[in-house]
Structure formats: C-alpha cells, structure tokens
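In: compute the structure for the input listed below.
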Amino acid sequence: MLRISMVLALAALSIATTRAAIAAAHEPTLSAEQALKLLLEGNQRFVAGKLEHPNQTPARRAELARGQHPFAAVLACSDSRTPPEIIFDRGLGDIFTARVAGNSADQVVIESLDYSVKHLGVRVVMVLGHRRCGAVTAAVESYDNENVGPMLKELYPAVRATRGMPGDPVENAVRENVKLVMKNLAASQALSAMVKSGELKIVGGIYDLDTGTIEMLKD
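Out: As a prediction, this is how the structure comes out:
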C-alpha cells in the first residue's frame, strides 16, 4: 500500500509540474506595447546603420537550446530583401517568424502564429508587407486569369478591393493585402478571443525597400 501511495503521489506531482510548466509557457514574454517598441527601435537602428546585432552569441544559442520565448511574431513576405531579424536588428529567439510569398495567411500560417501566441507568450503579431512586392505584382497582372495557383488567389481579394483606385495598383494592393490579412487573423477562430479581450494586438506595416523604414498602418 505504501508503494502504491508513493507512486500515486509522484504521479500527482508530475501532473502538477506539467500543468505549471504549460501555464508558465502561456505567460506573455512582453506586453504588446513593449514588444512593438523593441521592433521599431531595432528598425530605426537598421535604417541609421547603427546595428547592435543583439542575442547572436554562442551563449545565446546555448540558452535557447533549452526553450524559446520570442517577444513578437512577424508574418512577412518570403522576399529575400525582407528578413525580419535583420530589418528589426534582432537575434536568435527574439522573433517568431512566418514567411510566405505575399505575406498571406492560410490555415497553416494561422496555426503557426497561434502556437507562438498561446504556447510561447507572444502578444503582438505584425503583418509586414513591402513595396514593389513581386507576388502582389503577379496577382495584379494575372487577375483576370482564374487558372493560377493558390498563392496568387490568396492575393486576389486585395487586388479586387483596389481595382480602379487612383495611384499605383501594386502599391494599393500591397497595403490592402496587409489590412485584409490583419482582419482575417483577428477574426480567426484561433486568435479572435484574445484579440477581443485585448490580450493580443495585431498590427500591420509596409517595408520600404529603398529606405529600410517601416510605415505602420492604422487599424
């Protein structure tokens, strides 16, 4: 009986420890405001050429081998000119990054971001488009052709919403696409409750390939 009691006690302790670890993983790494401030300060350093390259040491690598706690998530285009860790001057373990052509959000992307929020403590998600996006350009040019793949079709709603608007059709669609993706993320089953409660902030930005600056879009 004593042995059985000890086994049950150890099992209960293990369950309690596991629950505590899970609860701790859900705690925010930083508030949305603090995280966004760090991102934008890093971008200012990048623009000014005053890079600090934080958290890129062997010691940081060893620390992260035990677990990650990124302070922000960025959904960016897969364009080689827009790597978030570089344009925000951050290092290993700082940013949970999802990258796909046209920074669109299918179910796989949404579930990836959901993981960063609910299991890693991220409280701000930035949707980052960029000027002269090749994927958006292709969507604008092929809009009347329905025989295209899923990548371009993901971008068609933005093209449709901006057709006939004054200005450059690609730039218009780039901006609209960021706004639509923000709305889709905020309305998704995975993230909507935390957005409504104010626990999670979803923001949008446009990266300028020429200057390196990021224009934050209004909600």
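
In: going forward, measure contacts and count neighbours with C-alpha atoms only.
Out: OK.

In: backbone dihedrals for the residue nearest in space to the middle of the chain, both of them.
Out: Residue closest to the average C-alpha location in the chain (Cα atoms, centre = their mean): residue 74, at 2.4 Å. The phi/psi pair for residue 74 (degrees, to the nearest 10) reads phi -130, psi 130.

In: which element follows the helix or strand hosting residue 97 toward the C-terminus?
Out: Using DSSP states H and E, residue 97 sits in strand 95-99. Proceeding N to C from strand 95-99, the next assigned helix or strand is helix 107-120, under DSSP H and E.

In: list the contacts of that following helix.
Out: Contact with helix 107-120 is made by 22, 25-29, 68-70, 73, 96, 98, 122-123, 125, 185, 188, 190-191, 200, as judged by Cα atoms under 8 Å, 6 or more residues apart in numbering.

In: 10 Å instead?
Out: Helix 107-120 is contacted by residues 22-29, 67-75, 95-100, 103-105, 121-125, 184-185, 188-191, 194, 199-200 when judged by Cα atoms under 10 Å, 6 or more residues apart in numbering.

In: cool, and stretch 205-219?
Out: Here stretch 205-219 makes contact (Cα under 10 Å, 6+ apart) with 40, 43-44, 46-48, 76, 81-82, 87-88, 126-133, 171, 174-175, 178-179, 182-183, 202-204.

In: going through these, which ones are buried?
Out: Buried members of the contacts of stretch 205-219, scored by 16 or more other Cα atoms under 10 Å, are 40, 43-44, 46-47, 76, 82, 87-88, 126-131, 133, 171, 174-175, 178-179, 182, 202-204.

In: now, which of those residues lie within strands?
Out: Counting by DSSP state E, the buried ones among the contacts of stretch 205-219 place 76, 126, 127, 128, 129, 130, 202, 203, 204 in strands.

In: circling back to that earlier point, neighbouring strands - and their directions - for the strand holding residue 97?
Out: strand 72-76 (parallel) (DSSP bridges).

In: the strand it pairs with vs helix 107-120, what angle?
Out: 170 degrees (axes from the mean of the first three to the mean of the last three Cα atoms, to 10 degrees).

In: what's the average pLDDT for strand 72-76?
Out: What strand 72-76 shows for mean pLDDT is 98.

In: okay, it in PDB with CA atoms only?
Out: The C-alpha trace of strand 72-76 is given here as PDB (Å, rounded to 0.1, in the frame of the first residue of the first chain):
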ATOM      1  CA  ALA A  72       7.000  39.200 -31.100                       C
ATOM      2  CA  ALA A  73       5.700  37.300 -34.200                       C
ATOM      3  CA  VAL A  74       6.100  38.700 -37.700                       C
ATOM      4  CA  LEU A  75       4.300  37.400 -40.800                       C
ATOM      5  CA  ALA A  76       6.400  38.600 -43.600                       C
END
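
In: heads up, I number from 147, so please use that
Out: All set: I'll call the first residue 147, so the last point we hit is now strand 218-222.
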